[in-house]
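*Asks:* Got a predicted structure here, sequence first:
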Amino acid sequence: ATQWAELSSEQIAVDLYCGAGALAFHLAAGARLVIGVEESPIAIADAKTNVRMNGFHNVRFRCGDAGDLLTQLAAELERLDVIALNPPRKGASEAVRAAILAAAPKRIVYISCDPTTLARDLDHLTTAGGYRLEQLQPYDMLPQTEHVECVALLGRVA
């Protein structure tokens, strides 16, 4: 996911559904700023503790609804270059998908634990939103089960 994000030191990334910030911290190594968004106050408290413990200076966290906060961030910041998201099994809500399209990032890195909701969300982002699927990689992280993780990279069509 961090390789596909292709962040540079001038770029801004948002990590939706960031949990305690694991992906956000990896993205921070290459970005000017990373903002993690998570609904769970407990996870955000842990993420902020991780910032202090590990000395990150370019990572911020916000607690609240992913769609609402993404809309706010898009209005506050000059641009959002990359949006990474790792939603729950139900996938990204309609409001989150709309907020992603309105933010118009250069790249979307979508991590999914449910291929069915991933397919639904990719269909929406590519059909309605002017993005194209550039790469898709499944990962069998739970061998001998029916579960598979996938990482998808979408690029904005010029």
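*Replies:* Perfect, thanks for sending it. Numbering: from 1, shown residues only.
*Asks:* any idea how far Ala102 is from Gln11?
*Replies:* Using C-beta to C-beta, to the nearest Å, Gln11 is found at 19 Å from Ala102. The way it works is simple: take the backbone N, C-alpha and C, and place the C-beta from them, glycine included.
*Asks:* ditto for Glu94
*Replies:* Glu94 sits 12 Å away from Ala102, taking C-beta to C-beta as the criterion.
*Asks:* again, but for Leu142
*Replies:* Separation of Leu142 from Ala102 (C-beta to C-beta) stands at 35 Å.
*Asks:* Now the residue most central in space within the chain: which helix or strand?
*Replies:* Among the residues of the chain, the one closest to the centroid is Ala84, at 1.9 Å (C-alpha atoms, centre = their mean). Following DSSP states H and E, one finds Ala84 within strand 82-85.
*Asks:* list the contacts for the closest residue to Ser9 other than its chain neighbours?
*Replies:* In this structure, Ser9 finds its nearest non-sequential neighbour in Arg32, 5.8 Å apart by C-beta to C-beta, 6 or more residues apart in numbering. Listed by C-beta atoms under 8 Å, 6 or more residues apart in numbering, the contact set of Arg32 reads 9-12, 58.
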